[in-house]
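[1] Give the three-dimensional model of this entry:
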Amino acid sequence: EDDLEETDEQALARYEKQEMNMGCLSILWKIMPLQLIVLSGTLFLFLTDYYLTNCELRDGSWVSKAMHLPSEVDGNLFRFMFGIEASQQPDAFWTMPEVSS
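    Got it, this is the predicted structure:
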């Protein structure tokens, strides 16, 4: 009802206040699709989990942890589904080589 009674000058002033004085975040929020924001956040979480689980920080760089073969190979679906790791052989088949400086 108030919009019907406002003058052209008041409508222009309201438009400039609401639409023209947007900050960078509000413009970005209008441009970026919500699915892209959710997808980017999910990607960040999974990448962070991967690096924290499988890598270690050495001299400011992420490198792979020593890799071990499993002691037994069986197709246990329960362990796979719930992330229960199988026992591993004590000797690593691959380690990150030391870099001499």
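
[2] what's the residue lying closest to Trp94 once chain neighbours are set aside in contact with, if anything?
    In space, and not counting its chain neighbours, Trp94 is closest to Met67: 4.4 Å by CB to CB, 6 or more residues apart in numbering. To be clear about C-beta, it is placed using only N, CA and C from the backbone, and glycine gets the same treatment. Neighbour list for Met67: Ala92, Phe93, Trp94, Thr95 [criterion: CB atoms under 8 Å, 6 or more residues apart in numbering].

[3] Leaving out the residues flanking it, which one is nearest to the last one?
    Counting by CB to CB, 6+ apart, Thr95 lies nearest to Ala66, which is 4.5 Å off, once chain neighbours are set aside.

[4] Helix, strand or coil: sort out Ala92 for me.
    Three-state call for Ala92 (DSSP: H, G, I helix; E, B strand; the rest coil): strand.

[5] Give me the distance between it and Leu69.
    In this view, Ala92 and Leu69 are 9 Å apart by CB to CB, to the nearest Å.

[6] can you pull the contacts of the residue nearest to Thr95?
    Contacts of Ala66 by CB under 8 Å, 6+ apart are Ala92, Trp94, Thr95, Met96.

[7] Count the residues that sit near the second one.
    Right, the one you point to is Trp94. When neighbours are counted by other CB atoms under 10 Å, Trp94 registers 11.
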